[in-house]
Every structure is written in structure tokens, then in C-alpha cells.
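# Model the following, please.
(chains A and B)
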Amino acid sequence: MSGSGSEIWWALIIGTVALLTLGVVFIASIIFNQRRFITVERKMLEALEERERRFRSLIEKSTDGITLLDAHGTIIYRSSSNLQITGFTDEEVIGKQEVEFIYPGDREKISQLLGKLVEVPGKVMSASFRFHQKNGTLRWMEATATNLLADPSVNAIVANYRDVTERKEAEEQLKRSHDQLRKLSAHLQSVREEERTHIAREIHDELGQMLTVLKMDLALLERSLLESSSDGTSPETLGEIESMARLIDGIIRSVRRIATELRPVVLDELGLREAIEWELEGFQSRTGVKSEFISSVNEIYLDRENATALFRILQETLTNVARHAKATEVSASLEIRDRALVLEIKDNGRGISELEASHSKSLGLLGMRERTLLLGGEISIVGEKSGGTLVSVRIPLHNSSLEASER
Amino acid sequence: MLFANTIISILSQIIPFASGLFVFRFLSGEMKVLLVYFGLGLFVEVISSYLGLNNIHNLWLFHFFTIIEYGLLMWVFSAWLKSQTLKRILRISIPLLSLVGIIAMFFLEGIHQFNAYSRSVASLILVAASAFILFELSMESFNSVLRQPRFWIASAALLYFAGSLVLFALSNVLLVLLKWDIERVRTVFAVYTIINMITNLIYAGGFLCQVQAQRSGGPSLLEPSPS
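Residues are numbered from 1 along each chain as shown, chains lettered A, B, ... in the order given. The predicted structure follows:
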């Protein structure tokens, strides 16, 4: 074989062996790399599965129900706790509208909320509604729904809900109890006012009358003693009689004051506006705190209960001013604003702190709040930044009261 | 010796074809195309052996077979590739290689010589395409590549065409070197029967692997559909 022939043979052998070897090495490296790739991927998958198991168990073992809804409110998934909560199996609810299971009276509300929720991605909304369990029992549910339709990994509205029937019943019970207590309190205040009125009238009429008669009798006794005695009554006796007359005058004044304090006649006779004015004048004369009253309404037509409540709130406020505020001036205003009667009392004292205003042991403030709530009104007691305290009472006026007051 | 070689060569060609037929109902579209390729390969092997044993020129058969073989294999490989650019290039190469084959057949080599030009070019491109398929497989799959028919087919193609490339390229030179002594030329080619046998076994593994893949519902589903 010639030299070039030998080279061709070598080229053939070496070329074939080299290419085959390269091919085998390449295939082997593919297998090796892929195994490594699989190992890494498998570990990642195992980690992912572990996380999924953890989250799934969180969802599945939760006592709260979790439901996924599509954009039309159709149930596409629910956690296993739903079975305990609702009594319905997956087959009975998956693919159906969520609102179908809601108490008819609450469906409209929930449909509207869902409609609003769907419009805004990421929006969170909460609601309470009644729900018919499979056995027909009506239960209260509290739900929080989050719009995750735009989240590609969820692509649903996530609704978490729990049975709050026991809590709702307890709340209702508490509310009823509160209402009963409030009614009782209102009744007691009404009785108290009636009693005070009655006692004031008895003291004023009976005791006052008797004292007046006693004073007249004493005057007659003094005149009779002066006329019947020729040698003259002893100056000591006359002195005693005069002293007794002065004492009776004092008792009469005390009786009038007590009767007025128990139930100011001016409130019943002249009305709230005049009673406030009278009370402020009395307050100024008693305490020396300069008092001012501004009223934008000439006549206020309120029923007796409302007028009494507002007057007592004013009295309590003035008592607090005198006791705690260290004020030199106090002003009160009465006006009709937004179909409500607004009484505002402001002083220039040290100002009430937030803690004092909300203190549960402040029985006077508590009484003021209770009286306002009984009238369906609102009260705010705030210490002002500029100093002083502002008490603002707002009581809604009935149409008849409003029309009469505005005339 | 020559007869024995011919028989072994034909038998090894039967193995992948028979395997494909055996699992025909599990085969995907691409694998069915491959089955056609092996059927055709067997047919050409039988005819060429018959002609060769009867001292009748048979090299013209390979000129045509190379073009058809390249077309079928490249269609399957381009369907398996994910890269759209490569897919397009490989598909465009089918008519181009046919053109090269026809030009070489009539103007460069003649019909009674080996088709060294077209065979070499086809082998080079097929080796590259197989390597790309294997590379993509190694990157994509969570399941072992060993369970995927694509791996076995591409590996077999890579080994067969890489192992035969130099021989195909030098085949006409060898004819001259061996002074057109056909018996000696056949002896040289018989050495490559070993590569052919091994790769045919690997092809058969690809067909049988398809059954497992289909039954497990796994890897075969990952195979890209022909586009």
C-alpha cells in the first residue's frame, strides 16, 4: 500500500474512532447532567410539595371555612371544614353560586358586595350574613373576601368565613340586656323626676303654706300679747317672738330653695330657654363664675322629658365646672342645627383630659351620656387645645317640635 | 463471510422495524414516520444485498435512499426540537440536501459511485441535529432521559452518523485505493456492520421505550407535537 493509501486508512480509523468516542462522551455527559438536573429539580419539587402540604394542612385543618369563587360568584373550591360548617358536601356546592346558600334576606346585600369586590383587584371586604345549613338551621356567618382574580396563581376570590352564631346570639342578648337597663334607667329617672316634682310641690305648697300660717299666727300672738298685757310684756318674750319670726322666714326661704332645686318651677312654667338662663344666673351668683347664655331660637317646644334631660345635663356640667374646671367664665348656647337641638356649654378652665372624659367611674358624665342616648341624641365632652372644656349635646327634633320651634 | 455479513446486516435492520411494528399502537406520529424509515431501510438493505450478491451495481440505490432517509429523519428531528429557528433551518435543509444529492448524483460522482458528498453533508447535519435534541432533552425533562424514546433515537442517530461519517466521506477514495476491488470494499464496509447493529439495537430500544412512556402517561406526553 502506498504512503497516501496508508494515510487514508489511518484517517478512516482515527476519524471514525474519534467521532464515535466524541458521540459516546457527549451522550454520557447528557445522561450525567440530566441526572444532576433531575436531582436538583426533585429537591426543589420536594420542598415545594412540603410547603404545599403545610399550607394545605393549614387550610384543611382550620376551623374557618375557605372558599374560592370565580368572577361570577361560582364556587370552584372549598376547604374540608366547610362540610362541618354548612353540612353540604363538595358535590352539592361546587359549581353553584355562593349566594344560593345564603338566607334570602341577605342575598341582595352579599350580591352587591361581591359585585363591588370583583371590580377592584386586591380589594378586601367583610360582611356578616345568615346561612341555611343543610339541616335547615339558620346560622350567622362572618366572612372576609379578597379579590385575587388578577393573581395568576390563585385566579379567584378567596372567602374566609366562620360560624359566629353563638357570638351573634350573645351580642343580641347583651344588646337586649343593655336596652332593658337603659329603659329601666329611663324609667327610674322619670320616676325620680316625678317624685322630685311631687316632693317639691308638697314642700312648697304644704310646708310653705304651714310656715306662712305659723308666721301669721306668731304675728297675731305678738299683737295679742301687747294688747292684753297692761303692765307690758317683758322685752325678753317679745325678743323671743321676733327671733322665732326671723327663724320662720329663714325656714320659708330654705323651703323655697329646696323646692326649686328639686324641680325648678321655671322649667315647667316658662320652658327650657328661660330655665337655662335662670340656672346660669343662679350659677354666677353662687360661684362667682361669669356666665353667659346665647340662644338663636326664641321659643323651643320640647316635651317634658327632653327639656328635663337637657336641663339636668346643663346642671351636671355646671356642677363639674364649679368643682373641677377652675374656670372664670362659662358660656352656653342653644340652637337648632340640622334638624336637631344643640346645647353647647364651654368654659375657660383647665380642660378635661381624654382619660377623665372616658373614665368609667365618672358617674356624672355617665349619667349625661345615658340621658342623651335615651333621647336618641349624641354627646361629646372634649378638652379644647386652647384650654377649657366643650360639652356638646345634640338631640334630634321631631317634626312637630321643629315646626313649632321655627315659627 | 460476505453472505454472513449480509444476513447479519439485514437481521439487525429487522430488529428496530419489528420492534416498531410490535408496539405500533403506542407509537406517536413521529415514531410512525421513523417506522416507515426503518421499513424503507430494510427494503433497500434487502434489494442492495440481492443486487450485490448477484454482482449487479447497487450504489445508485443509496443516492436515492440518502435523500429520502435525510428527509424522513430531519422531519422527525425538526418536530422534536423546541427551538423554532432550528426547526425552520432543518426543514429548509431537506430540499437543499435533495438538491445537493441530485447535483452530486448527475454532475459530480455519477450514479455508479458512492454518494460521498450528499451522504457526508447529511451525516454532519444529522449529527448536529441529534446533539441538539439530546441537549434540549437534558434541559427540559424532570423524568430521566433514559425513559424517553427521543433520547434513544437521537443517541442512535448520533452514534451511527458520527461513526460512519468518515467512511462515507472517503468511500469513493477507498474505491480508488482498493482499485475497485468490490470484495475488499465490502470487507471494509462489513466492519461498519458492528456500528450499524449496535445503533439498530438502540433504535429498537427507542421504540420499546415508547410503550413504557405511553403506559406511565409520562414522557411521551412531553414530546412536542409536530408543527
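
# in chain B, what residue is nearest chain A?
B:Val166 (3.4 Å; C-beta to the nearest C-beta). C-betas here are computed from N, CA, C, even on glycine.

# residue with max distance from the center of chain B?
Outermost residue of chain B with respect to the C-alpha centroid, by C-alpha atoms, centre = their mean, is B:Lys179; its distance is 28.7 Å.

# still on that earlier bit, with the flanking residues excluded, which residue is spatially nearest to the residue of chain B closest to chain A?
The spatial neighbour of B:Val166 that comes closest, neighbours along the chain excluded (C-beta to C-beta, 6 or more residues apart in numbering or on different chains), is A:Gly15 at 3.4 Å.

# can you tell me which residues contact A:Thr317?
By C-beta atoms under 8 Å, 6 or more residues apart in numbering or on different chains, A:Thr317 lies in contact with A:345, A:368, A:391.

# does the second one really touch A:Ile379, like I thought?
Yes. Under the contact definition of C-beta atoms under 8 Å, A:Met368 touches A:Ile379, with a separation of 6.1 Å.

# Show me whatever sits in contact with both of the two.
Shared contacts of A:Met368 and A:Ile379 (C-beta under 8 Å, 6+ apart): A:313, A:391, A:393.

# which element is the residue nearest to the first one when sequence neighbours are not counted on?
Put plainly, it is A:Ile313. Setting aside the residues directly before and after it, A:Ile313 is nearest to A:Met368 in space (C-beta to C-beta, 6+ apart), at 5.0 Å. Using DSSP states H and E, A:Met368 maps to helix A:363-374.

# could you point out which element follows that helix?
That would be, after helix A:363-374 and using DSSP H and E, strand A:378-383.

# Now do whichever helix or strand comes after that following strand: everything it contacts.
Downstream of strand A:378-383, the first helix or strand assigned by DSSP H and E is strand A:389-396. By C-beta under 8 Å, 6+ apart, the residues outside strand A:389-396 that reach it are A:306, A:309-310, A:313, A:317, A:321, A:325, A:337, A:339-347, A:349, A:351-352, A:368, A:372, A:375-384.

# Mind doing that once more with 6 Å?
For strand A:389-396, the external contacting residues (C-beta atoms under 6 Å, 6 or more residues apart in numbering or on different chains) are A:313, A:317, A:340-347, A:351-352, A:372, A:375-384.

# And what about the residue farthest from the centre of chain B, helix, strand or coil?
coil (DSSP: H, G, I helix; E, B strand; the rest coil).

# confidence score at it?
B:Lys179 carries a pLDDT value of 75.

# show me where the chain has helices.
In the absence of a named chain, this looks at chain A. All helices of chain A, identified by DSSP state H, fall at A:3-61, A:81-86, A:90-93, A:104-119, A:165-202, A:208-228, A:235-262, A:265-269, A:272-287, A:304-320, A:354-358, A:363-374, A:399-406.

# Correction: the question concerned chain B.
Using DSSP H, the helices assigned to chain B run over residues B:2-22, B:29-53, B:59-80, B:84-103, B:116-140, B:149-177, B:182-216, B:219-222.

# so where's chain B uncertain?
B:1-2, B:141-142, B:212-227 (pLDDT under 70).

# For it, what lies in contact range of chain A?
When proximity is defined as C-beta under 6 Å from any C-beta of the partner chain, chain B approaches chain A at B:134, B:138, B:142, B:145, B:155, B:158-159, B:162-163, B:165-166, B:170, B:173, B:177.

# What subset of the residues you listed is buried?
For these, a burial check counting by 16 or more other C-beta atoms under 10 Å in any protein chain shown picks out B:134, B:138, B:145, B:155, B:158-159, B:162-163, B:165-166, B:170, B:173, B:177.

# can I get those in CSV with distance to A:Val289?
Listed next are these as CSV, based on distance: C-beta to C-beta, whole Å:
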residue, distance to A:Val289
B:Leu134, 100
B:Ser138, 94
B:Val145, 97
B:Ser155, 106
B:Leu158, 107
B:Leu159, 111
B:Ala162, 111
B:Gly163, 116
B:Leu165, 115
B:Val166, 119
B:Leu170, 124
B:Val173, 128
B:Leu177, 133
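
# ok so, going back, quick check on A:Met368 and A:Ile379: which one has the bigger neighbour count.
Taking other C-beta atoms under 10 Å in any protein chain shown, A:Met368 and A:Ile379 do not tie; A:Met368 has more neighbours (23 against 19).

# correct me, but the more buried one touches A:Gln315?
No. Using C-beta atoms under 6 Å, A:Met368 is not in contact with A:Gln315, being 9.9 Å away.

# Grab the nearest non-local neighbour of B:Leu86.
Nearest to B:Leu86 is B:Phe132, by C-beta to C-beta, 6+ apart, at 6.2 Å.

# The residue of chain A found nearest chain B: neighbour count?
Using C-beta to the nearest C-beta, the closest approach of chain A to chain B is made by A:Gly15 at 3.4 Å. Residues lying near A:Gly15 (other C-beta under 10 Å) number 17.

# tell me the angle the helix holding A:Met368 makes with helix A:165-202.
Interaxial angle of helix A:363-374 relative to helix A:165-202 (axes from the mean of the first three to the mean of the last three C-alpha atoms, to 10 degrees): 100 degrees.

# So what touches helix A:363-374?
A:185-186, A:309, A:313, A:316, A:379, A:393.

# And stretch B:30-37, by the same measure?
B:20, B:72, B:76, B:79, B:210.

# rerun at 10 Å
The contact list for stretch B:30-37 (C-beta atoms under 10 Å, 6 or more residues apart in numbering or on different chains) reads B:16-17, B:19-21, B:23-24, B:27-28, B:68-69, B:71-73, B:75-80, B:149-150, B:153, B:157, B:203, B:206-207, B:209-210, B:220, B:223-226.

# Good, wrapping up.
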